[in-house]
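> Mind looking at a prediction? Sequence and model below.
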Amino acid sequence: DTGVSQDPRHKITKRGQNVTFRCDPISEHNRLYWYRQTLGQGPEFLTYFQNEAQLEKSRLLSDRFSAERPKGSFSTLEIQRTEQGDSAMYLCASSSPRTTNTYEQYFGPGTRLTVT
Amino acid sequence: AQTVTQSQPEMSVQEAETVTLSCTYDTSESDYYLFWYKQPPSRQMILVIRQEAYKQQNATENRFSVNFQKAAKSFSLKISDSQLGDAAMYFCAYRSAYNNNDMRFGAGTRLTVKP
């Protein structure tokens, strides 16, 4: 079990460009979550997948954001037409009821996005 | 909506001493889970300790223990025998037992450990 991995770890982009992040959850974890963390704040929930189905989206997830988990394994988060306000750390987490009935979430290292 | 408040943006402790980090939350639900996560500088967030609301006994994990006061909606973290490696941001988090997807985090407490 190698833990949750995210790629890239850092991304610098110019305003208006599109970016895509990838998250690989712990193998066999059927639930996957995306969070956004701005400086000095705790993570804020963005969206959640159970297997390949996206079951919940936060109001923070504007129409410029889209997330997919096509085969119920890795997930991608795409931000179109990036804005400076999108600069943040994007965290991915995964969980499974088979590992613990409290659905503990295991976090990846995050992707730090800087929009210039 | 549930909210989590960490009123101490920064705390410091001398190595080998004990420190307590505060957390309060607001909810109308009776069944939920509470967590403390640790986020070291430039490293990923890891779970320190968890507490099920239906359990009266306070959770402990080695040097880490909690003081869970359900009526007061308080969930503090005590770190005993502090070590340099304990230096990190600590986040308190609440998750409903009725919606396993909705985890709310506090703003965090930055803990410094002085040698």
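Structure received.

> The host helix or strand of residue A:48 pairs with which strands, and in what direction?
Assigned by DSSP states H and E, residue A:48 belongs to strand A:44-50. Take DSSP bridges as the rule and strand A:44-50 pairs in its sheet with strand A:31-37 (antiparallel), strand A:53-57 (antiparallel).

> Buried residues of whatever helix or strand comes next after the last one, list them for me.
The element immediately downstream of strand A:53-57 (helix or strand, assigned by DSSP H and E) is strand A:65-68. By neighbour count, with 16 or more other Cβ atoms under 10 Å in any protein chain shown as the criterion, the buried positions of strand A:65-68 are A:65, A:67. Where C-beta positions appear, they are placed from N, C-alpha and C, glycine not excepted.

> that older thread, dump the strand holding residue A:48 to CSV, restricted to CA.
Taking C-alpha atoms only, strand A:44-50 is exported to CSV below (Å, rounded to 0.1, in the frame of the first residue of the first chain):
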residue,chain,number,x,y,z
GLU,A,44,-12.7,22.7,2.0
PHE,A,45,-14.7,19.9,0.4
LEU,A,46,-15.1,20.1,-3.4
THR,A,47,-16.5,16.8,-4.6
TYR,A,48,-16.7,13.1,-3.9
PHE,A,49,-16.8,9.8,-5.9
GLN,A,50,-18.0,6.4,-5.0
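
> Can you give the contact residues for that strand?
The contact list for strand A:44-50 (Cβ atoms under 8 Å, 6 or more residues apart in numbering or on different chains) reads A:30-38, A:54-58, A:60-61, A:65, A:67, A:69, A:72, A:75, A:77, A:90, B:101-105.

> Residues of chain B that sit close to chain A?
B:4, B:33, B:35, B:37, B:43-47, B:50, B:52, B:91, B:93, B:95, B:100-108 (Cβ under 8 Å from any Cβ of the partner chain).

> Just send the strands paired with strand A:44-50 back as TSV, with mean neighbour count, mean pLDDT and distance to residue A:7 too.
Shown next, in TSV, are these (neighbours: other Cβ atoms under 10 Å in any protein chain shown; pLDDT from 0 to 100; distance: least, Cβ to Cβ, whole Å):
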stretch	mean neighbour count	mean pLDDT	distance to residue A:7
strand A:31-37	24	94	14
strand A:53-57	14	86	20
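
> so which of those gets nearest residue A:85?
With Cβ to Cβ as the criterion, residue A:85 lies closest to strand A:31-37 of those, at 10.6 Å.

> List the contacts of residue A:39.
Taking Cβ under 8 Å, 6+ apart, one finds residue A:88 in contact with residue A:39.

> Which strand residues bridge whatever residue of chain B ends up closest to chain A?
Nearest residue of chain B to chain A: residue B:105, at 3.0 Å (Cβ to the nearest Cβ). Under the criterion DSSP bridges, residue B:105 forms beta bridges with residue B:93.
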